[in-house]
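Chemist: Below are the sequence and a predicted model; questions follow.
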Amino acid sequence: MAKFLPCLDSQTVFQFDFMPLLMAAVTDLQAQVTALHSIYLNGSIAYRQATSGVSDLNLTVVITSQLTVEEQHRIAMLSQSLRRDYPVISAVDITWVQLDEVLSIAAIFKWGFWLKHCSVCLYGTNLSEQFGKFEPCWEIAKAFNHDIAVALVAIEQQIRRTKSISEYQYYCRCAGKKMLRSCFMLVAIDVDDWAYTDQQCANFFLARYPSKITEIERLFVLINGPQVPKKASLFMLSQFGSWIVNEFNNIERKIG
């Protein structure tokens, strides 16, 4: 019998501290984006496991046509105002995708899976209802992990360039979360479940790779602190990041 992956709860109310933020984000996006189709919540707030003052606001916004330059500017200002006015979050991360791409067959393992299993619709026509439930498969892991090598290089460059402590801490957090999520993707095909939290990613990964416990502990330091020297974060990106990329490529060669 097929083992379908879980879907997020779309009925239970979100954590009270984050409700004003979510209402403001939806209202503001409606006002600022002409081509708005639908808005989806992702991340720890969607999982109802957010931490006030620490968690990010993660949104996926589907649009029917490209944003104008003016809209891009207004949305950048909107993200800044949400961070300023709602200290329950530490950052705003909005992913923009056009409707045609979401509905394309080529993107089903990326956007179809993402909307069906990792998102909660906040506004508009819920596109997740157009997709059936997914089973664990390597195509999903590839869709989420194909950019790992490029992403780690980009984060490394950002860490090297920044002279801001707050920016550095943010980039360290991004690096830790990206590598931890990628670790889960290495084992996701053999797990009849989905890792929604950092700890779940670590647990599933370590069940297969117990010898990497030290590396996982270091990733949690990058994510949660305390602040480490640049030399240490760059070492993790170079050494463990390279191991993740190589392991991913090895599995790809075996599975195809």
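Modeler: Alright, I've got the coordinates.

Chemist: CA only for contacts and neighbour counts going forward, please
Modeler: Fine.

Chemist: I'd assumed Val187 was in contact with Phe248.
Modeler: No - counting by C-alpha atoms under 8 Å, Phe248 does not reach Val187; the two are 9.8 Å apart.

Chemist: buried ones in the host helix or strand of Ala31?
Modeler: Using DSSP states H and E, Ala31 sits in helix 19-32. Using 16 or more other C-alpha atoms under 10 Å as the test for burial, helix 19-32 gives 21-22, 25-26, 29-30.

Chemist: burial count for Arg253?
Modeler: Neighbour count of Arg253, defined by other C-alpha atoms under 10 Å: 9.

Chemist: So for it, what's the pLDDT?
Modeler: pLDDT for Arg253: 91.

Chemist: what does Val69 give?
Modeler: pLDDT, read off for Val69, is 91.

Chemist: which residues in this structure form strands?
Modeler: With DSSP state E, the ranges of strands along the chain come out as 36-42, 56-63, 91-98, 120-124.

Chemist: Correct me if wrong: Gly204 contacts Val187.
Modeler: No Gly there; residue 204 is Phe. Yes - under the criterion of C-alpha under 8 Å, Phe204 makes contact with Val187 at 7.2 Å.

Chemist: mean confidence score for the helix holding Ala31?
Modeler: 96.

Chemist: that older thread, is it possible to get a markdown table of the strands of the chain that adds distance to Ser104 and mean neighbour count?
Modeler: Converted to a markdown table, these look like this (distance: least, C-alpha to C-alpha, whole Å; neighbours: other C-alpha atoms under 10 Å):
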| stretch | distance to Ser104 | mean neighbour count |
| --- | --- | --- |
| strand 36-42 | 16 | 22 |
| strand 56-63 | 13 | 22 |
| strand 91-98 | 10 | 16 |
| strand 120-124 | 19 | 19 |
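
Chemist: Nearest to Arg84 among those strands would be which one?
Modeler: strand 91-98 (9.5 Å; C-alpha to C-alpha).

Chemist: and the nearest residue to Met179 once chain neighbours are set aside, how many neighbours?
Modeler: Leaving aside its sequence neighbours, Met179 sits nearest to Gly241 (C-alpha to C-alpha, 6 or more residues apart in numbering; 6.8 Å). Counted with other C-alpha under 10 Å, the neighbours of Gly241 add up to 24.

Chemist: need the contact list for Gly241.
Modeler: By C-alpha atoms under 8 Å, 6 or more residues apart in numbering, Gly241 lies in contact with 149, 152, 179.

Chemist: Just the ones of these in helices?
Modeler: 149, 152, 179 (DSSP state H).

Chemist: Please give me every residue in contact with the residue nearest to the spatial centre of the chain.
Modeler: Computing the C-alpha centroid of the chain and ranking residues by C-alpha atoms, centre = their mean puts Gly43 first, at 6.4 Å. For Gly43, the contact set (C-alpha under 8 Å, 6+ apart) comprises 56-58, 118, 196.

Chemist: Can I get those residues in CSV including distance to Cys7 and pLDDT?
Modeler: Compiled in CSV, those are given as follows (distance: C-alpha to C-alpha, whole Å; pLDDT from 0 to 100):
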residue, distance to Cys7, pLDDT
Asp56, 21, 92
Leu57, 19, 96
Asn58, 17, 95
Cys118, 7, 95
Tyr196, 10, 91
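
Chemist: Looking at those residues, spot the one nearest Tyr171.
Modeler: Asp56 (13.4 Å).

Chemist: wait, isn't that closest one in contact with Ile94?
Modeler: No - judged on C-alpha under 8 Å, Asp56 makes no contact with Ile94 at a distance of 10.2 Å.

Chemist: Check the gap between Arg218 and Ala76 for me.
Modeler: The gap separating Arg218 from Ala76 is 32 Å, by C-alpha to C-alpha, to the nearest Å.
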